[in-house]
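**Student:** Dropping a prediction and its sequence here:
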Amino acid sequence: VQVAEYGGGSVQAGGSLKLSCVVPGYRVTSCGMAWYRQATGKERELVSTIRTNGTTMYADSVQGRFTISQDIDRKLLWLQMNSLKTEDTAVYYCAADLSPRWSGVCVFDSWGQGTQVTVSS
C-alpha cells in the first residue's frame with residue numbers, strides 16, 4: 001500500500017490550501033483515515049480523523065478552520081485548510097487504518113511520505 005499526499009505548498013497567513021491523499025486499499029470496512037503534522041523540532045501531532053461512517057474529529061488548534069473529508073469509492077482523503085496561521089507550518093502526513101476494528105479504535109499504520117505546508121506572515 002502506497003499512501004501519497006499532494007497539495008502542499010507556501011501560502012500567506014490567512015490563506016487557504018487543500019491537501020489530498022490517495023489511500024490504495026481503503027474501503028467501507030476500513031477503520032478510518034487521519035491527518036497528522038510535524039513541525040520542525042516538535043513531535044508529530046494529530047490534526048484530524050475521519051471514520052468510514054463520516055464521523056470526524058479535530059484538534060482544538062484547527063477546529064473551525066480545517067475540514068476533513070473523504071471519498072471511499074475513489075480512496076481519497078482531503079484536508080481543506082482555511083485561515084492558515086504561521087503556526088500551521090509543518091509537514092503534513094496522511095495516515096490510514098485499512099482494517100476493520102471491532103474495538104472501534106483505529107490504529108493508523110499506513111503512512112504517506114508527507115507534504116510540506118509553509119505559512120508566512
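**Tutor:** That came through, no problem.

**Student:** So for the residue positioned nearest the centre of the chain, what pLDDT did the model give?
**Tutor:** For the chain, the residue lying nearest the average C-alpha position, counting by CA atoms, centre = their mean, turns out to be residue 35 (2.1 Å). Reported pLDDT at residue 35 in the predicted model: 98.

**Student:** Would you enumerate the residues in contact with the residue lying closest to it once chain neighbours are set aside?
**Tutor:** With CB to CB, 6 or more residues apart in numbering as the criterion, residue 35 has its nearest non-adjacent residue at 4.3 Å, and that residue is residue 47. Bear in mind the C-beta positions are built from the backbone N, C-alpha and C, glycine included. Going by CB atoms under 8 Å, 6 or more residues apart in numbering, residue 47 touches 34-37, 58-59, 62, 66, 79, 92.

**Student:** Within the helices and strands, which one has residue 47?
**Tutor:** Using DSSP states H and E, residue 47 falls within strand 45-51.

**Student:** now swap in residue 79 and tell me
**Tutor:** Under DSSP H and E, the secondary-structure element containing residue 79 is strand 76-81.

**Student:** Please point out which parts of the helix or strand that that strand is followed by sit buried.
**Tutor:** Using DSSP H and E, the next helix or strand after strand 76-81 towards the C-terminus is strand 90-97. Taking 16 or more other CB atoms under 10 Å as the neighbour-count basis, strand 90-97 is seen to contain the buried residues 90-97.

**Student:** Pick out whichever of the residues you listed sits closest to residue 75.
**Tutor:** Each of the buried residues of strand 90-97 was scored against residue 75 by CB to CB, and residue 96 proved nearest at 9.2 Å.

**Student:** mind checking the end-to-end distance for stretch 55-75?
**Tutor:** End-to-end distance of stretch 55-75: 17 Å, with CA to CA, to the nearest Å as the criterion.

**Student:** quick check: mean pLDDT across that stretch?
**Tutor:** Stretch 55-75 shows an average pLDDT of 97 in the prediction.
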